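# Okay, here's the prediction I keep looking at, along with the sequence it came from:
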Amino acid sequence: MEEVKHKPSKPIGPKIAKVRNLRGMSQEELGKKLGGISKSAVSRLEQNETLEDELLTKVCSALDVTEEGLKNLDEDLALYLTANFYDNCNINASAGNSSYGTFIFNSIEEISKIYEKQLQTIRDELRKELKNKDK
(Lines give C-alpha, C1' and ligand atoms only; values in the text may rest on other atoms or scores of the structure.)
Protein backbone atom coordinates (compact mmCIF):
# COMPACT_ATOMS: atom_id res chain seq x y z
CA MET A 1 0.00 0.00 0.00
CA GLU A 2 1.37 3.37 -1.02
CA GLU A 3 1.65 5.96 1.72
CA VAL A 4 0.07 9.29 0.92
CA LYS A 5 2.12 12.34 1.78
CA HIS A 6 0.75 15.83 2.18
CA LYS A 7 2.31 18.19 -0.36
CA PRO A 8 1.65 21.75 0.80
CA SER A 9 2.34 24.86 -1.25
CA LYS A 10 5.09 25.67 1.24
CA PRO A 11 7.07 23.17 3.34
CA ILE A 12 5.07 21.85 6.28
CA GLY A 13 8.04 21.71 8.69
CA PRO A 14 8.50 25.47 9.11
CA LYS A 15 4.75 25.80 9.62
CA ILE A 16 4.99 23.29 12.48
CA ALA A 17 7.84 25.31 14.01
CA LYS A 18 5.83 28.53 13.64
CA VAL A 19 2.76 27.14 15.39
CA ARG A 20 4.91 25.55 18.09
CA ASN A 21 6.56 28.91 18.75
CA LEU A 22 3.22 30.73 18.74
CA ARG A 23 2.01 28.22 21.32
CA GLY A 24 5.06 28.97 23.48
CA MET A 25 6.08 25.34 23.29
CA SER A 26 9.68 24.08 23.19
CA GLN A 27 10.88 21.31 20.89
CA GLU A 28 11.26 19.12 23.97
CA GLU A 29 7.63 19.69 24.98
CA LEU A 30 6.41 18.89 21.47
CA GLY A 31 8.59 15.77 21.47
CA LYS A 32 6.97 14.58 24.70
CA LYS A 33 3.50 15.14 23.25
CA LEU A 34 4.52 13.14 20.17
CA GLY A 35 5.36 10.10 22.25
CA GLY A 36 8.71 11.01 23.72
CA ILE A 37 10.76 11.74 20.62
CA SER A 38 13.99 13.69 21.04
CA LYS A 39 14.54 17.40 20.56
CA SER A 40 16.74 16.68 17.54
CA ALA A 41 13.99 14.52 16.00
CA VAL A 42 11.54 17.42 16.40
CA SER A 43 14.12 19.72 14.80
CA ARG A 44 14.38 17.37 11.79
CA LEU A 45 10.58 17.16 11.64
CA GLU A 46 10.42 20.97 11.47
CA GLN A 47 12.71 20.91 8.42
CA ASN A 48 10.61 18.43 6.40
CA GLU A 49 8.96 19.42 3.14
CA THR A 50 6.16 16.87 3.62
CA LEU A 51 4.77 14.57 6.31
CA GLU A 52 2.98 11.27 6.17
CA ASP A 53 -0.71 11.73 6.94
CA GLU A 54 -0.52 9.71 10.18
CA LEU A 55 2.37 11.80 11.53
CA LEU A 56 0.67 15.01 10.42
CA THR A 57 -2.42 14.02 12.41
CA LYS A 58 -0.30 13.38 15.53
CA VAL A 59 1.55 16.70 15.17
CA CYS A 60 -1.70 18.63 14.72
CA SER A 61 -3.16 16.96 17.79
CA ALA A 62 -0.05 17.79 19.83
CA LEU A 63 -0.17 21.42 18.68
CA ASP A 64 -3.95 21.61 19.16
CA VAL A 65 -4.60 22.81 15.59
CA THR A 66 -6.58 21.31 12.75
CA GLU A 67 -4.78 19.70 9.83
CA GLU A 68 -6.42 22.19 7.50
CA GLY A 69 -5.29 25.07 9.70
CA LEU A 70 -1.70 23.87 9.67
CA LYS A 71 -1.67 23.10 5.94
CA ASN A 72 -3.12 26.51 5.10
CA LEU A 73 -1.02 28.48 7.59
CA ASP A 74 -0.04 31.82 6.15
CA GLU A 75 2.91 33.14 8.14
CA ASP A 76 2.06 36.79 7.48
CA LEU A 77 -1.52 36.22 8.56
CA ALA A 78 -0.37 34.37 11.68
CA LEU A 79 1.83 37.35 12.58
CA TYR A 80 -1.12 39.70 11.99
CA LEU A 81 -3.42 37.61 14.18
CA THR A 82 -0.79 37.40 16.92
CA ALA A 83 -0.16 41.15 16.87
CA ASN A 84 -3.88 41.88 16.75
CA PHE A 85 -4.54 39.52 19.66
CA TYR A 86 -1.98 41.25 21.85
CA ASP A 87 -3.11 44.73 20.78
CA ASN A 88 -6.68 43.87 21.76
CA CYS A 89 -5.90 41.67 24.74
CA ASN A 90 -9.04 42.81 26.57
CA ILE A 91 -11.03 40.77 24.04
CA ASN A 92 -11.33 37.06 24.80
CA ALA A 93 -10.08 35.54 21.54
CA SER A 94 -9.78 31.96 22.75
CA ALA A 95 -12.35 29.31 22.15
CA GLY A 96 -12.29 25.70 23.20
CA ASN A 97 -10.31 24.09 25.96
CA SER A 98 -6.83 25.19 24.95
CA SER A 99 -4.92 27.39 27.34
CA TYR A 100 -3.06 28.75 24.31
CA GLY A 101 -6.17 29.95 22.43
CA THR A 102 -7.54 28.85 19.10
CA PHE A 103 -6.06 29.89 15.79
CA ILE A 104 -8.45 31.26 13.23
CA PHE A 105 -7.14 31.39 9.69
CA ASN A 106 -8.99 33.68 7.29
CA SER A 107 -8.39 34.14 3.61
CA ILE A 108 -7.07 37.41 2.23
CA GLU A 109 -10.52 38.06 0.76
CA GLU A 110 -12.17 37.75 4.18
CA ILE A 111 -9.61 40.07 5.76
CA SER A 112 -10.12 42.58 2.94
CA LYS A 113 -13.88 42.54 3.53
CA ILE A 114 -13.35 43.13 7.25
CA TYR A 115 -11.03 46.07 6.57
CA GLU A 116 -13.46 47.52 4.04
CA LYS A 117 -16.28 47.37 6.62
CA GLN A 118 -14.08 49.01 9.26
CA LEU A 119 -13.01 51.68 6.80
CA GLN A 120 -16.62 52.41 5.85
CA THR A 121 -17.57 52.70 9.53
CA ILE A 122 -14.75 55.18 10.12
CA ARG A 123 -15.77 57.20 7.05
CA ASP A 124 -19.38 57.32 8.27
CA GLU A 125 -18.30 58.48 11.72
CA LEU A 126 -16.08 61.19 10.23
CA ARG A 127 -18.91 62.43 8.00
CA LYS A 128 -21.22 62.53 11.02
CA GLU A 129 -18.68 64.53 13.05
CA LEU A 130 -18.07 66.97 10.19
CA LYS A 131 -21.81 67.56 9.81
CA ASN A 132 -22.12 68.21 13.56
CA LYS A 133 -19.26 70.73 13.44
CA ASP A 134 -20.87 72.60 10.55
CA LYS A 135 -24.09 73.10 12.54
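Cool, got the structure. What you see is a predicted model, and the numbers here were worked out from it, not measured in a lab.

# buried sites along stretch 40-51?
Burial within stretch 40-51, assessed by neighbour count using 16 or more other CB atoms under 10 Å, is assigned to 42, 45-46, 48, 51. The way it works is simple: take the backbone N, C-alpha and C, and place the C-beta from them, glycine included.

# Looking at the residues you listed, which is nearest Asp134?
The closest of the buried residues of stretch 40-51 to Asp134 turns out to be Glu46 (CB to CB; 59.6 Å).

# Check whether that closest one really touches Val19, as I assumed.
No - judged on CB atoms under 8 Å, Glu46 makes no contact with Val19 at a distance of 10.1 Å.

# returning to what we had before: max pairwise distance over the buried residues of stretch 40-51: which two?
The most widely separated members of those, counting by CB to CB, are Val42 and Leu51 (12.5 Å).

# Do a quick rundown of the helices in this protein.
12-22, 27-33, 39-45, 53-63, 67-71, 75-87, 108-134 (DSSP state H).

# Which strands or helices does the fourth one pack on?
For helix 53-63, the elements it packs on are strand 5-6, helix 12-22, helix 27-33, helix 67-71, judged by 3 or more CB pairs under 8 Å, 6 or more residues apart in numbering; DSSP states H and E.
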